[in-house]
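Q: Could you look at this predicted model? Sequence included:
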Amino acid sequence: MKRTTVKICFCMLWVALVGCFLSCGKEDDPMLMGKKKTIVAATDTLRVLSIGNSFSVDALGYVPFLMAELAPDVDFTLCIAHDPYCSLKKHFENANNGYGYTLYFNVEAQPWSSRNDMSLASILDLAPWDIIIFQQVSYDSYKYSSCQPHLDQLIEWVKNRASTPSAMAWLITPSFADGSEQLSKYDFDSDGMAQSIGQCAKSIIQETPISLIIPSGTAVQYARHTSLDQYGQFGHLTYDGSHLQPGIACLTEAYAATEALLRFKGRTMLIANSRMNIDDNWLVINNIPQSGSLFGIIEANLALAKQCALQAIDNPYWTSKK
């Protein structure tokens, strides 16, 4: 598990962001979500909560900024309830014992902010969440048997605790990279692990109330069969064999996640229109909660990453090319 360093400002920015959270949905609030009065109010809302770990951070870190670029009329909020190495079993235990998560939150493409020690119950109370995303811990994400009964238990706990009904989504995490120490413990290669992760996700769609797939990990596996595979300190788009390298790797995941969320709102193929470019300064300014140096951001790679993301949307469960 990587260590994430997030600089937190507890002065006016923190006060404003918390106020924005607690005022979600109040039509009489002229500063709704921190907007100035001169900005036209959004015509639609989308509030997303991810219950996960660092793999959620990798997949979703750039999403608010893509959403602001591609769907500026959507009033978008994204929160990641983060617990390192956390499995579905542990998330369910956390929910019942009041464990304090690190909460990364982003409102209307403001820089990411953070707060420690928030229970899942308190996080659910922050807003009427439209979508709640679940994921399994990476080393067990390839087998459905590891997800149950804990996924069903966690979904039921969330449904009973949330203030309004939410759509349920599943985040597909990337497989480990070929040659990595993590993958050496298994009897398959990276493609084989991706195939099993996809089968697990398919079972989840068939057997649980989850209805939306976020195929970020699948997009990465498609990218590993292109020239993008060269990027990453370790290689294969990772910096350690499992976590994705900031830059083109995380952006590939974010393209897939953004397209999936936009399609939930009835909008399609919008990521093809993205012109968002990122650099190290952009990562710092937006306080992106990731570790490592940025790799692979050139125009040709952006186009290829979008193709991989759209391929994952069309075939989210991964069919091995070998």
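A: On my side now, so go ahead.
Q: how about the helices of this structure, start to end?
A: 12-22, 54-60, 63-70, 88-97, 120-124, 150-161, 190-207, 216-223, 248-264, 280-285, 299-314 (DSSP state H).
Q: mind giving me a markdown table with those and columns for mean neighbour count and distance to residue 171?
A: No exception for glycine: its C-beta is placed from N, CA and C like everyone else's. A markdown table is the format used below for the helices of the chain (neighbours: other C-beta atoms under 10 Å; distance: least, C-beta to C-beta, whole Å):
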| stretch | mean neighbour count | distance to residue 171 |
| --- | --- | --- |
| helix 12-22 | 15 | 22 |
| helix 54-60 | 27 | 6 |
| helix 63-70 | 22 | 11 |
| helix 88-97 | 18 | 12 |
| helix 120-124 | 19 | 17 |
| helix 150-161 | 17 | 12 |
| helix 190-207 | 19 | 9 |
| helix 216-223 | 30 | 6 |
| helix 248-264 | 27 | 8 |
| helix 280-285 | 13 | 21 |
| helix 299-314 | 19 | 12 |
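Q: Verify the stated contact: residue 52 with residue 169.
A: No - here residue 52 lies out of contact with residue 169, judged by C-beta atoms under 8 Å, at a distance of 11.0 Å.
Q: Now do the contacts for residue 140.
A: Counting by C-beta atoms under 8 Å, 6 or more residues apart in numbering, residue 140 touches 87, 146-147.
Q: any idea how far it is from residue 113?
A: 30 Å (C-beta to C-beta, to the nearest Å).
Q: With residue 64 instead?
A: Distance from residue 64 to residue 113, by C-beta to C-beta: 12 Å.
Q: Likewise for residue 229?
A: 34 Å.
Q: got the residue ranges for the strands in the stretch 1-150 of the chain?
A: 44-52, 74-82, 101-107, 113-118, 131-134 (DSSP state E, counting those that start in this stretch).
Q: dump the residue contacts of the closest residue to residue 123 other than its chain neighbours.
A: The shortest distance from residue 123 to any non-neighbouring residue, by C-beta to C-beta, 6 or more residues apart in numbering, is to residue 81 (5.4 Å). By C-beta under 8 Å, 6+ apart, the contact set of residue 81 is 49-52, 101-103, 118, 120, 123.
Q: okay, residue 52 and residue 169: which has more neighbours?
A: Ranked by neighbour count (other C-beta atoms under 10 Å), residue 52 and residue 169 place residue 52 first, with 26 against 22.
Q: Roughly how far does the nearest residue to the more buried one once chain neighbours are set aside sit from residue 117?
A: Closest residue to residue 52 in three dimensions, ignoring its sequence neighbours and counting by C-beta to C-beta, 6+ apart: residue 135, at 4.6 Å. Between residue 135 and residue 117 the computed distance is 22 Å (C-beta to C-beta).
Q: Tell me which of these two has more neighbours.
A: residue 135 (28 against 11).
Q: which residues sit in contact with the more buried one?
A: Residue 135 touches 50-53, 55-56, 141, 170-173, counting by C-beta under 8 Å, 6+ apart.
Q: for the residues you listed, which one is nearest residue 207?
A: Of all those, the one with the least separation from residue 207 (C-beta to C-beta) is residue 170, at 11.3 Å.
Q: where's that closest one relative to residue 261, distance?
A: From residue 170 to residue 261 the distance is 13 Å (C-beta to C-beta).
Q: shared neighbours, these two?
A: Listed as contacting both residue 170 and residue 261 by C-beta under 8 Å, 6+ apart are residue 214.
Q: Might you list the low-confidence residue ranges for the stretch 201-322 of the chain?
A: Residues of the stretch 201-322 of the chain that meet the criterion pLDDT under 70 lie in 320-322.
Q: repeat that for 80
A: Applying pLDDT under 80 to the stretch 201-322 of the chain flags residues 291, 319-322.
Q: follow-up on the earlier one: can I get the strands of the stretch 1-150 of the chain in TSV including distance to residue 160 and mean pLDDT?
A: Shown next, in TSV, are the strands of the stretch 1-150 of the chain (distance: least, C-beta to C-beta, whole Å; pLDDT from 0 to 100):
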stretch	distance to residue 160	mean pLDDT
strand 44-52	15	96
strand 74-82	17	97
strand 101-107	19	96
strand 113-118	19	95
strand 131-134	13	98
